[in-house]
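Undergrad: Need a 3D model of the following:
(one chain, ligands or ions: 1)
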Amino acid sequence: MSECLFCRIASGSLPTEFVFEDEHVVAFRDINPAAPVHILVVPRAHIETVADLGSDETGVMSRLTAAANRIAREAGVDAGGYRLIVNCGREGGQTVFHLHMHLLGGRKMPELAA
Ligand code: DGP
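TA: Numbering: from 1, shown residues only. Take a look at the predicted model:
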């Protein structure tokens, strides 16, 4: 059995309600939400970080973005706007080492610090 948390969620071995799923991607609510809408969009394939994507794997990010845009529309945050974040590595704030995109919406996001 995979020890990776998001592999276990994606495979269904750790029961989690999906807000979206298809052949390549699953999406579910963040356990520690930082906004009224805080969804994690995750490839089913185990890729540790965005830095591990090869030049022939850019489709992975396209799929995550397309899913996030669709979920944002369904959650009703598309008109007001939302934030998509991919943390990479420890100094990038990544804590779960399975590539994922955060979709944050439903409140005004602060400007990024310089
Ligand atoms: P990051 O720091 O970018 O690696 O984001 C990891 C996110 O994963 C963090 O916001 C909390 C969330 N998270 C951690 N464990 C679980 C879990 O078991 N279930 C869910 N739904 N989210 C989790």
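Undergrad: Show me what from this structure comes close to the ligand.
TA: When proximity is defined as Cβ under 6 Å from any ligand atom, the chain approaches the ligand at 5, 16, 28-32, 40, 87, 93-96. From N, CA and C alone the C-beta is placed, and that goes for glycine too.
Undergrad: cutoff 5 Å now
TA: Residues of the chain lying close to the ligand by Cβ under 5 Å from any ligand atom are 30-32, 87, 94-96.
Undergrad: Narrow the residues you listed to those that are buried.
TA: Neighbour counting with 16 or more other Cβ atoms under 10 Å marks 87, 94 as buried within those.
Undergrad: now the residues of the chain next to the ligand as a markdown table including pLDDT?
TA: Putting those into a markdown table (pLDDT from 0 to 100) gives the following:
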| residue | pLDDT |
| --- | --- |
| Asp30 | 98 |
| Ile31 | 98 |
| Asn32 | 98 |
| Asn87 | 98 |
| Gln94 | 98 |
| Thr95 | 98 |
| Val96 | 98 |
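Undergrad: how deep is the closest residue to Arg70 other than its chain neighbours tucked in, by neighbour count?
TA: Of all residues not flanking Arg70 in the chain, Phe20 sits nearest, at 6.7 Å (Cβ to Cβ, 6 or more residues apart in numbering). Other residues lying near Phe20 total 15 when counted by other Cβ atoms under 10 Å.
Undergrad: Ok, the one 4 residues further on next?
TA: Burial of His24, expressed as a neighbour count using other Cβ under 10 Å, amounts to 14.
Undergrad: my guess is it meets Val41, correct?
TA: No. Judged on Cβ atoms under 8 Å, His24 makes no contact with Val41 at a distance of 10.7 Å.
Undergrad: Which stretches in this protein count as helices?
TA: Taking DSSP state H as the test, the helices found in the chain are 5-11, 58-75.
Undergrad: just checking, what packs against the shortest one?
TA: This means helix 5-11. Judged by 3 or more Cβ pairs under 8 Å, 6 or more residues apart in numbering; DSSP states H and E, the packing partners of helix 5-11 are strand 25-29, strand 37-43.
Undergrad: So for that helix, mean pLDDT?
TA: For helix 5-11, mean pLDDT rounds to 98.
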